[in-house]
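Q: coordinates only, sequence not included:
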């Protein structure tokens, strides 16, 4: 099961038939320590795909931290490989 996604915006709309969430006006979504921010964000629930847009002259901000690196780290992967070969 995927980790929960939290977000906020000035306006939120959910289209049930398309399973599409649209956040507009200072839109923000986060999952674990990763986040995306823009003037508009669309999120397709079944595929977990996001798109972010900003007005002219503004930027979309995205911070992505891979969950595997956060939880295990490179040292943990080496230790688990060594344990299995014994």
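A: Looks like it arrived, so ask away. Worth saying up front: this structure is predicted, and the values here are computed from it rather than measured. Residues are numbered from 1 along each chain as shown.
Q: remind me which residues of this structure are low pLDDT?
A: Residues of the chain meeting the criterion pLDDT under 70: 1, 67-86.
Q: Repeat the analysis, applying 50 as the threshold.
A: The model of the chain has pLDDT under 50 over residues 68, 76-86.
Q: those helices in it, which residues are they?
A: Under the criterion DSSP state H, the chain contains helices at 67-71, 73-85.
Q: roughly how far apart are the closest residue to residue 33 other than its chain neighbours and residue 30?
A: Spatially, and ignoring its direct neighbours in sequence, residue 33 is nearest to residue 65 (4.7 Å; C-beta to C-beta, 6 or more residues apart in numbering). All C-beta spots, glycine's among them, are computed from the backbone N, C-alpha and C. Residue 65 sits at a distance of 11 Å from residue 30 (criterion: C-beta to C-beta, to the nearest Å).
Q: between these two, who's got more neighbours?
A: residue 30 (15 against 12; other C-beta atoms under 10 Å).
Q: Neighbours of residue 36, how many?
A: Residue 36, neighbours per other C-beta under 10 Å, totals 21.
Q: let me fix that: residue 13
A: 11.
Q: ditto for residue 60
A: So residue 60, with other C-beta under 10 Å, has 15 neighbours.
Q: quick one on the thing from earlier: I'd say the residue nearest to residue 33 and residue 34 touch.
A: Yes - counting by C-beta atoms under 8 Å, residue 65 does reach residue 34; the two are 5.3 Å apart.
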